[in-house]
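> Provided below for reference: sequence and predicted model.
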Amino acid sequence: MHAATVMSASAKATQRRTTTAVIAIIVRPSAMATKVQNAVARSLALKSEALPKTPTAPDQTVRGAGPDARETASAARRCSDTILRMARVVWVATGMAWAFRSLLDLLSPRYFHPVSPLDYLAVWSFTAALLLTGPAVVCLSRLSWSRSVRVIAIATGAGAVLAGLANAAEDALRVRGIGDIFVAGMLVLVAGLLACTAILAIFRNWRLAAAFALLSAGVLVSFALPGGGLLVLLALLAVAARPAWFTVTPGDPPDSRRAARR
(Lines give C-alpha, C1' and ligand atoms only; values in the text may rest on other atoms or scores of the structure.)
Protein backbone atom coordinates (compact mmCIF):
# COMPACT_ATOMS: atom_id res chain seq x y z
CA MET A 1 0.00 0.00 0.00
CA HIS A 2 2.73 2.43 1.00
CA ALA A 3 4.81 1.58 -2.09
CA ALA A 4 1.79 2.16 -4.34
CA THR A 5 1.17 5.55 -2.75
CA VAL A 6 4.79 6.56 -3.22
CA MET A 7 4.71 5.49 -6.88
CA SER A 8 1.47 7.43 -7.45
CA ALA A 9 2.96 10.61 -5.93
CA SER A 10 6.10 10.21 -8.01
CA ALA A 11 4.05 9.82 -11.19
CA LYS A 12 2.05 12.94 -10.42
CA ALA A 13 5.23 14.94 -9.77
CA THR A 14 6.71 13.75 -13.06
CA GLN A 15 3.50 14.67 -14.88
CA ARG A 16 3.56 18.20 -13.35
CA ARG A 17 7.19 18.71 -14.37
CA THR A 18 6.40 17.57 -17.91
CA THR A 19 3.42 19.92 -18.15
CA THR A 20 5.47 22.85 -16.84
CA ALA A 21 8.23 22.15 -19.39
CA VAL A 22 5.73 22.02 -22.26
CA ILE A 23 4.11 25.28 -21.16
CA ALA A 24 7.53 26.95 -20.94
CA ILE A 25 8.42 25.80 -24.45
CA ILE A 26 5.18 27.26 -25.79
CA VAL A 27 5.27 30.52 -23.87
CA ARG A 28 8.91 31.49 -24.34
CA PRO A 29 8.80 31.97 -28.17
CA SER A 30 5.62 34.02 -27.93
CA ALA A 31 7.18 36.20 -25.25
CA MET A 32 10.29 36.67 -27.39
CA ALA A 33 8.11 37.60 -30.39
CA THR A 34 6.27 40.12 -28.24
CA LYS A 35 9.57 41.70 -27.20
CA VAL A 36 10.68 41.92 -30.84
CA GLN A 37 7.38 43.51 -31.88
CA ASN A 38 7.63 46.07 -29.10
CA ALA A 39 11.20 46.94 -30.11
CA VAL A 40 10.19 47.41 -33.77
CA ALA A 41 7.24 49.59 -32.78
CA ARG A 42 9.46 51.80 -30.63
CA SER A 43 11.99 52.13 -33.47
CA LEU A 44 9.28 53.17 -35.97
CA ALA A 45 7.87 55.68 -33.49
CA LEU A 46 11.29 57.26 -33.01
CA LYS A 47 11.85 57.49 -36.78
CA SER A 48 8.45 59.11 -37.37
CA GLU A 49 9.18 61.69 -34.67
CA ALA A 50 12.59 62.46 -36.21
CA LEU A 51 11.16 63.19 -39.68
CA PRO A 52 10.38 66.92 -40.30
CA LYS A 53 6.81 67.83 -41.09
CA THR A 54 6.76 69.58 -44.44
CA PRO A 55 4.04 72.04 -45.49
CA THR A 56 1.39 70.96 -47.98
CA ALA A 57 1.53 74.26 -49.87
CA PRO A 58 4.27 76.82 -50.59
CA ASP A 59 2.66 79.46 -48.41
CA GLN A 60 1.22 77.25 -45.65
CA THR A 61 2.80 75.23 -42.87
CA VAL A 62 1.41 72.10 -41.26
CA ARG A 63 0.04 72.55 -37.80
CA GLY A 64 2.44 71.25 -35.23
CA ALA A 65 5.48 71.54 -37.54
CA GLY A 66 8.75 72.19 -35.80
CA PRO A 67 10.54 75.54 -35.87
CA ASP A 68 13.09 74.24 -38.39
CA ALA A 69 10.38 73.43 -40.96
CA ARG A 70 8.73 76.83 -40.51
CA GLU A 71 12.06 78.63 -40.83
CA THR A 72 12.86 76.67 -44.02
CA ALA A 73 9.51 77.58 -45.59
CA SER A 74 9.95 81.22 -44.60
CA ALA A 75 13.47 81.30 -46.09
CA ALA A 76 12.16 79.79 -49.34
CA ARG A 77 9.49 82.49 -49.58
CA ARG A 78 12.03 85.24 -48.91
CA CYS A 79 14.35 83.79 -51.58
CA SER A 80 11.49 83.67 -54.10
CA ASP A 81 10.52 87.27 -53.33
CA THR A 82 14.13 88.41 -53.72
CA ILE A 83 14.46 86.69 -57.10
CA LEU A 84 11.20 88.27 -58.27
CA ARG A 85 12.36 91.74 -57.23
CA MET A 86 15.63 91.22 -59.11
CA ALA A 87 13.72 90.07 -62.20
CA ARG A 88 11.54 93.17 -62.06
CA VAL A 89 14.63 95.38 -61.93
CA VAL A 90 16.09 93.58 -64.95
CA TRP A 91 12.84 93.90 -66.93
CA VAL A 92 12.47 97.61 -66.23
CA ALA A 93 16.15 98.32 -66.98
CA THR A 94 15.96 96.39 -70.26
CA GLY A 95 12.82 98.20 -71.38
CA MET A 96 14.30 101.60 -70.56
CA ALA A 97 17.53 100.75 -72.42
CA TRP A 98 15.60 99.81 -75.57
CA ALA A 99 13.38 102.89 -75.30
CA PHE A 100 16.40 105.18 -74.82
CA ARG A 101 18.15 103.62 -77.79
CA SER A 102 15.03 104.12 -79.93
CA LEU A 103 14.71 107.77 -78.92
CA LEU A 104 18.35 108.33 -79.91
CA ASP A 105 17.47 107.14 -83.40
CA LEU A 106 15.44 110.33 -83.83
CA LEU A 107 18.78 112.20 -83.82
CA SER A 108 20.20 109.97 -86.60
CA PRO A 109 23.45 108.82 -84.94
CA ARG A 110 26.09 106.83 -86.82
CA TYR A 111 26.39 103.27 -85.50
CA PHE A 112 28.91 101.79 -87.93
CA HIS A 113 31.58 104.50 -87.84
CA PRO A 114 30.98 106.50 -84.65
CA VAL A 115 32.72 109.84 -84.41
CA SER A 116 30.78 112.18 -82.16
CA PRO A 117 29.78 111.56 -78.53
CA LEU A 118 26.21 111.04 -79.74
CA ASP A 119 27.40 108.24 -82.01
CA TYR A 120 29.24 106.49 -79.21
CA LEU A 121 26.28 106.98 -76.87
CA ALA A 122 24.05 105.27 -79.41
CA VAL A 123 26.48 102.37 -79.81
CA TRP A 124 26.88 101.80 -76.09
CA SER A 125 23.14 102.15 -75.42
CA PHE A 126 22.42 99.50 -78.04
CA THR A 127 25.07 97.27 -76.49
CA ALA A 128 23.55 97.74 -73.03
CA ALA A 129 20.08 96.93 -74.38
CA LEU A 130 21.30 93.68 -75.92
CA LEU A 131 23.27 92.63 -72.84
CA LEU A 132 20.25 93.24 -70.60
CA THR A 133 17.95 91.39 -72.99
CA GLY A 134 19.72 88.12 -72.21
CA PRO A 135 18.80 87.84 -68.52
CA ALA A 136 15.45 89.56 -69.16
CA VAL A 137 14.35 86.82 -71.57
CA VAL A 138 15.53 84.08 -69.21
CA CYS A 139 13.60 85.63 -66.32
CA LEU A 140 10.55 86.04 -68.54
CA SER A 141 10.62 82.36 -69.47
CA ARG A 142 10.45 81.41 -65.76
CA LEU A 143 6.84 82.58 -65.76
CA SER A 144 6.04 79.59 -67.97
CA TRP A 145 5.89 75.94 -66.87
CA SER A 146 7.08 74.80 -70.30
CA ARG A 147 10.59 73.34 -70.22
CA SER A 148 10.87 73.92 -73.96
CA VAL A 149 10.34 77.65 -73.52
CA ARG A 150 12.91 77.79 -70.72
CA VAL A 151 15.56 75.97 -72.73
CA ILE A 152 14.95 78.10 -75.82
CA ALA A 153 15.05 81.24 -73.68
CA ILE A 154 18.52 80.34 -72.43
CA ALA A 155 19.76 80.02 -76.02
CA THR A 156 17.96 83.26 -76.91
CA GLY A 157 19.58 85.11 -74.04
CA ALA A 158 22.99 83.79 -75.04
CA GLY A 159 22.42 85.08 -78.57
CA ALA A 160 21.50 88.52 -77.23
CA VAL A 161 24.61 88.70 -75.05
CA LEU A 162 26.79 87.52 -77.94
CA ALA A 163 25.33 90.17 -80.23
CA GLY A 164 25.87 92.85 -77.60
CA LEU A 165 29.50 91.95 -77.09
CA ALA A 166 30.12 91.82 -80.84
CA ASN A 167 28.43 95.19 -81.31
CA ALA A 168 30.63 96.82 -78.69
CA ALA A 169 33.80 95.25 -80.05
CA GLU A 170 33.11 96.12 -83.68
CA ASP A 171 31.58 99.61 -83.48
CA ALA A 172 32.91 101.07 -80.23
CA LEU A 173 36.32 99.38 -80.03
CA ARG A 174 36.89 99.19 -83.81
CA VAL A 175 37.65 95.46 -83.84
CA ARG A 176 37.19 94.26 -87.40
CA GLY A 177 36.01 90.94 -88.76
CA ILE A 178 33.38 90.06 -86.16
CA GLY A 179 30.33 91.38 -87.97
CA ASP A 180 29.22 87.81 -88.68
CA ILE A 181 29.16 87.08 -84.94
CA PHE A 182 26.81 90.03 -84.41
CA VAL A 183 24.52 88.85 -87.19
CA ALA A 184 24.48 85.28 -85.82
CA GLY A 185 23.64 86.52 -82.32
CA MET A 186 20.78 88.68 -83.59
CA LEU A 187 19.39 85.79 -85.65
CA VAL A 188 19.42 83.54 -82.58
CA LEU A 189 17.73 86.29 -80.54
CA VAL A 190 14.92 86.92 -82.99
CA ALA A 191 14.37 83.24 -83.82
CA GLY A 192 14.29 82.33 -80.13
CA LEU A 193 11.73 85.01 -79.30
CA LEU A 194 9.49 83.88 -82.14
CA ALA A 195 9.86 80.22 -81.13
CA CYS A 196 8.87 80.98 -77.52
CA THR A 197 5.87 82.96 -78.79
CA ALA A 198 4.75 80.05 -80.98
CA ILE A 199 5.09 77.41 -78.23
CA LEU A 200 3.21 79.52 -75.70
CA ALA A 201 0.46 80.20 -78.25
CA ILE A 202 0.14 76.48 -79.06
CA PHE A 203 -0.48 75.71 -75.41
CA ARG A 204 -2.83 78.70 -75.06
CA ASN A 205 -0.79 80.71 -72.63
CA TRP A 206 -1.99 83.78 -74.46
CA ARG A 207 -0.82 86.40 -71.99
CA LEU A 208 2.81 85.36 -71.88
CA ALA A 209 2.74 84.67 -75.62
CA ALA A 210 1.58 88.25 -76.17
CA ALA A 211 4.47 89.54 -74.06
CA PHE A 212 7.00 87.55 -76.11
CA ALA A 213 5.32 88.66 -79.36
CA LEU A 214 5.47 92.32 -78.35
CA LEU A 215 9.10 91.88 -77.36
CA SER A 216 9.89 90.30 -80.74
CA ALA A 217 8.08 93.07 -82.60
CA GLY A 218 9.95 95.75 -80.66
CA VAL A 219 13.35 94.24 -81.48
CA LEU A 220 12.50 93.89 -85.17
CA VAL A 221 10.90 97.31 -85.56
CA SER A 222 13.82 99.02 -83.83
CA PHE A 223 16.05 98.17 -86.80
CA ALA A 224 13.72 99.87 -89.28
CA LEU A 225 11.85 102.65 -87.48
CA PRO A 226 12.63 104.96 -84.55
CA GLY A 227 10.63 104.18 -81.46
CA GLY A 228 10.55 100.41 -81.86
CA GLY A 229 12.11 100.00 -78.45
CA LEU A 230 8.99 101.54 -76.91
CA LEU A 231 7.21 98.26 -77.66
CA VAL A 232 9.86 96.42 -75.66
CA LEU A 233 9.40 98.88 -72.81
CA LEU A 234 5.62 98.42 -72.89
CA ALA A 235 5.86 94.62 -72.78
CA LEU A 236 8.42 94.47 -69.99
CA LEU A 237 6.72 97.13 -67.86
CA ALA A 238 3.48 95.14 -68.01
CA VAL A 239 5.28 91.98 -66.91
CA ALA A 240 7.13 93.80 -64.13
CA ALA A 241 3.91 95.36 -62.85
CA ARG A 242 1.92 92.12 -62.63
CA PRO A 243 4.08 89.02 -63.22
CA ALA A 244 1.51 86.71 -61.61
CA TRP A 245 -1.01 87.69 -64.31
CA PHE A 246 1.29 86.12 -66.92
CA THR A 247 2.07 82.99 -64.90
CA VAL A 248 0.58 79.60 -65.71
CA THR A 249 0.09 77.45 -62.61
CA PRO A 250 -0.36 73.65 -62.41
CA GLY A 251 -4.00 74.19 -61.44
CA ASP A 252 -4.80 75.83 -64.76
CA PRO A 253 -6.57 74.05 -67.67
CA PRO A 254 -5.11 70.84 -69.20
CA ASP A 255 -3.47 72.76 -72.02
CA SER A 256 -1.24 74.48 -69.49
CA ARG A 257 -0.36 71.19 -67.83
CA ARG A 258 0.59 69.70 -71.20
CA ALA A 259 2.93 72.65 -71.68
CA ALA A 260 4.47 72.02 -68.29
CA ARG A 261 5.42 68.48 -69.31
CA ARG A 262 7.26 69.62 -72.44
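Structure's in. What do you need? Numbering: from 1, shown residues only.
> Show me where the protein has its strands.
Using DSSP state E, the chain contains no strands.
> If you rank every helix and strand of it by mean pLDDT, what lands last?
Lowest on mean pLDDT, DSSP states H and E among the helices and strands of the chain sits helix 254-261, with a mean of 43.
> I'd like to know how many residues surround residue 83.
With neighbours defined by other Cβ atoms under 10 Å, the count for residue 83 comes to 12. Backbone N, C-alpha and C define where each C-beta goes, glycine included.
> so who does it touch?
Neighbouring residues of residue 83 by Cβ atoms under 8 Å, 6 or more residues apart in numbering: there are none.
> Quick check: the gap between it and residue 143.
Here the criterion is Cβ to Cβ, to the nearest Å. By it, residue 83 lies 12 Å from residue 143.
> State the phi and psi torsions of residue 222.
Phi and psi for residue 222, reported as degrees, to the nearest 10, are phi -60, psi -20.
> list the contacts for the closest residue to it other than its chain neighbours?
In space, residue 222 comes closest to residue 228 once its chain neighbours are excluded; the distance is 3.3 Å by Cβ to Cβ, 6 or more residues apart in numbering. Counting by Cβ under 8 Å, 6+ apart, residue 228 makes contact with 98, 102, 217, 218, 219, 220, 221, 222.
> among those residues, who's most crowded?
residue 98 (30 neighbours).
> Tell me how many other residues surround the closest residue to it other than its chain neighbours.
Leaving out its chain neighbours, the residue that sits closest to residue 98 by Cβ to Cβ, 6+ apart is residue 229, at 3.3 Å. Applying other Cβ under 10 Å, we find 27 residues neighbouring residue 229.
> Then the one 4 residues further on?
When neighbours are counted by other Cβ under 10 Å, residue 233 registers 21.
> Can you give me every residue that contacts the closest residue to it other than its chain neighbours?
Leaving out its chain neighbours, the residue that sits closest to residue 233 by Cβ to Cβ, 6+ apart is residue 95, at 3.6 Å. Taking Cβ under 8 Å, 6+ apart, we find residue 95 in contact with 229, 232, 233, 234, 235, 236, 237, 240.
> which one of these is nearest residue 137?
residue 236 (10.1 Å; Cβ to Cβ).
> For residue 119, see how far away residue 103 is.
For residue 103 relative to residue 119 (Cβ to Cβ), the value is 15 Å.
> Would you mind telling me which of those two has the busier surroundings?
Set residue 103 next to residue 119 and count neighbours by other Cβ under 10 Å: residue 119 wins out with 20 against 14.
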